[in-house]
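Engineer: this one's structure only:
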């Protein structure tokens, strides 16, 4: 029929020629242009140009997936399923991929034999029954071709997600040389998902599982590694870590956009994005860039062929449409290709980019977690996060703080959703660096939550949290839960970091005294009738209360007076 491909062979031939031809796919005379043009795709230049542009916008695999799907009999797997992967123990694990329409697929691993069939669109999915812990296993997947996966382990799998402090690598953290020298953990497996921002749901990514070694650990998430290493050393089983963090990302980019659109609370946010998405100046700049890039590709290929200097590549304009703040972008481009892979849970370190809208984060963060749980289909899997560290310059007097309000929103999430937990690191930050380099203690505090909650170890894992207050004349008695071995002090022998206020809402520095294992008394000569108390309520608070195990007291306030971000949407 006019306009339909004549055979799979023509696609396959074009794909092989493409790999050898340096020209852009839409260039005149390119084998893909000739082949697809001969199939009746018109105007072929316009079509291939759009595909080419999409590749340059970090969706290069779209074209290759189209071509590979069309190749006769080629059973394929997503990158999350491959050599060296870890399958989650004690549960059934989905395995999926692509093949010809209605093709029969047989999967062999251990003593299991599983059969399934590809749907009309070529997608197939099968479920493996739980496998004994350990390995290595081999997996054979048979269709019209056969795939053999090697060195597969069965253990515990965790997602390591968030923004730059989760992305922050071993190489950029404390003592990277020493850490890499000792990173001989072949049963810890690492995979990193590239940063792709798009409104189009992606089904795959470019990456692969790797055993942890001095050669592979350097660029991996430091928090993720230290968390996983502690689990591995404690449990003595294989650990799989999926790092999908993206520095500078906003929480709304990690959520399905239709969920935001269905909630009136996010209407102002989405309206701002709609204006950006229709910005003619931005669209023109991107069109101009793509035209210049096309010209450069041709000139560069010519220069290489003649042995001449390659001209400077055009500079890409800042394009918010493919960035890490646009609602839904990271959900589609980064998270979605891994959704459904068997996991135990997720760890998360993010919030800096949302601090200016901290009140909104009270709802947005739980929405994101619930969104992930719903689409994964594994129930309320554990979700543990890092509360924001101390950062920026210390202030002499009590004041408002968007970072304090974001920390409060994070803490509130534990009462909103089950099976959640927070690692407090108000003692680990650096005033001059938003990326504190001590990631080992961060990973260990997250690991405490997992080891206690998921693996049954009797560990103090929670930071002390405010429970209640009682006024006694000019003093306030504060009571706390989750105190572990009891309240304690760091560095100096009196509580530091408390402020109190009367009905005028003017906070003053307060003196303090530990009364017993779970209570602290606070007062100030400047406040005769206190009605509210706060602790560590600042960007970079000076504070020193912890439990006997060294976990710092969670920043808090007893009042609910409107904060500075309450109207920021």
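Structural biologist: Perfect, I can see it now. Here the structure is a predicted model, which is why all the values come from computation and not from measurement.
Engineer: so which residue is dead centre in the chain?
Structural biologist: When C-alpha atoms, centre = their mean is applied to the chain, the residue found nearest the centroid is residue 161 (2.4 Å).
Engineer: can you check the pLDDT for that residue?
Structural biologist: As predicted, residue 161 sits at a pLDDT of 98.
Engineer: can you name the next helix or strand after the helix or strand hosting it?
Structural biologist: Residue 161 belongs to strand 146-162 when assigned by DSSP states H and E. Next helix or strand after strand 146-162 toward the C-terminus (DSSP H and E): helix 164-167.
Engineer: I'd like the mean pLDDT over that following helix, please.
Structural biologist: Here the average pLDDT along helix 164-167 is 96.
Engineer: how far away is the residue located most distally from the centre of the chain from residue 532?
Structural biologist: Residue farthest from the centre of the chain, counting by C-alpha atoms, centre = their mean, is residue 473 at 48.2 Å. As judged by C-beta to C-beta, to the nearest Å, residue 473 and residue 532 stand 16 Å apart. Every C-beta, even on glycine, is put in place using the N, C-alpha and C of the backbone.
Engineer: please apply the same query to residue 503.
Structural biologist: Counting by C-beta to C-beta, the gap from residue 503 to residue 532 is 9 Å.
Engineer: in the host helix or strand of residue 228, what counts as buried?
Structural biologist: Assigned by DSSP H and E, residue 228 belongs to helix 222-235. Applying a neighbour-count criterion of 16 or more other C-beta atoms under 10 Å, the buried positions in helix 222-235 are 222-232, 235.
Engineer: before we move on, what about stretch 264-284?
Structural biologist: 266, 269-270, 273, 282.
Engineer: stretch 532-540 now?
Structural biologist: For stretch 532-540, by 16+ other C-beta under 10 Å, it's 532-540.
Engineer: same question for stretch 367-387.
Structural biologist: 367-373, 376, 381-387.
Engineer: would you map the helices across this protein?
Structural biologist: 8-20, 31-38, 44-54, 61-70, 164-167, 176-181, 222-235, 257-261, 267-277, 280-306, 329-330, 358-376, 402-416, 440-453 (DSSP state H).
Engineer: most packed of the ones you listed?
Structural biologist: Compared across the helices of the chain, helix 329-330 shows the largest average neighbour count, a mean of 29 (mean count of other C-beta atoms under 10 Å).
Engineer: quick one, domains of the protein?
Structural biologist: 8-70, 274-321, 465-557 (automatic domain parsing).
Engineer: would you single out the least confident of those?
Structural biologist: Looking at the domains of the chain, the bottom one is domain 8-70 with a mean of 39.
Engineer: residue 475 reaches residue 521, doesn't it?
Structural biologist: Yes. Counting by C-beta atoms under 8 Å, residue 521 is a contact partner of residue 475 at 5.6 Å.
Engineer: give the contact list for residue 179.
Structural biologist: The neighbourhood of residue 179, defined by C-beta atoms under 8 Å, 6 or more residues apart in numbering, consists of 170, 173, 217.
Engineer: from residue 217, how far off is it?
Structural biologist: 7 Å.
Engineer: list residues touching both of those two?
Structural biologist: Between them, residue 179 and residue 217 share the contacting residues residue 170, judged by C-beta under 8 Å, 6+ apart.
Engineer: show me the beta-bridge partners of the residue nearest to the centre of the chain.
Structural biologist: residue 348 (DSSP bridges).
Engineer: ok, residues contacting stretch 450-464?
Structural biologist: 158, 227, 230-231, 234-235, 344-345, 347, 382, 384, 419, 421-424, 448-449, 480-485, 487, 518, 545-547, 549, 551-554.
Engineer: repeat the analysis, applying 6 Å as the threshold.
Structural biologist: 234, 382, 424, 448-449, 480, 482-484, 547, 549, 551-554 (C-beta atoms under 6 Å, 6 or more residues apart in numbering).
Engineer: just the buried subset of the residues you listed, please.
Structural biologist: By 16+ other C-beta under 10 Å, the contacts of stretch 450-464 give 382, 424, 448-449, 480, 482-484, 547, 549, 551-554 as buried.
Engineer: Throw those residues into JSON lines and include distance to residue 394, thanks.
Structural biologist: Conversion of the buried ones among the contacts of stretch 450-464 to JSON lines gives the following (distance: C-beta to C-beta, whole Å):
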{"residue": "382", "distance to residue 394": "35"}
{"residue": "424", "distance to residue 394": "18"}
{"residue": "448", "distance to residue 394": "28"}
{"residue": "449", "distance to residue 394": "29"}
{"residue": "480", "distance to residue 394": "24"}
{"residue": "482", "distance to residue 394": "27"}
{"residue": "483", "distance to residue 394": "27"}
{"residue": "484", "distance to residue 394": "27"}
{"residue": "547", "distance to residue 394": "24"}
{"residue": "549", "distance to residue 394": "26"}
{"residue": "551", "distance to residue 394": "22"}
{"residue": "552", "distance to residue 394": "16"}
{"residue": "553", "distance to residue 394": "18"}
{"residue": "554", "distance to residue 394": "20"}
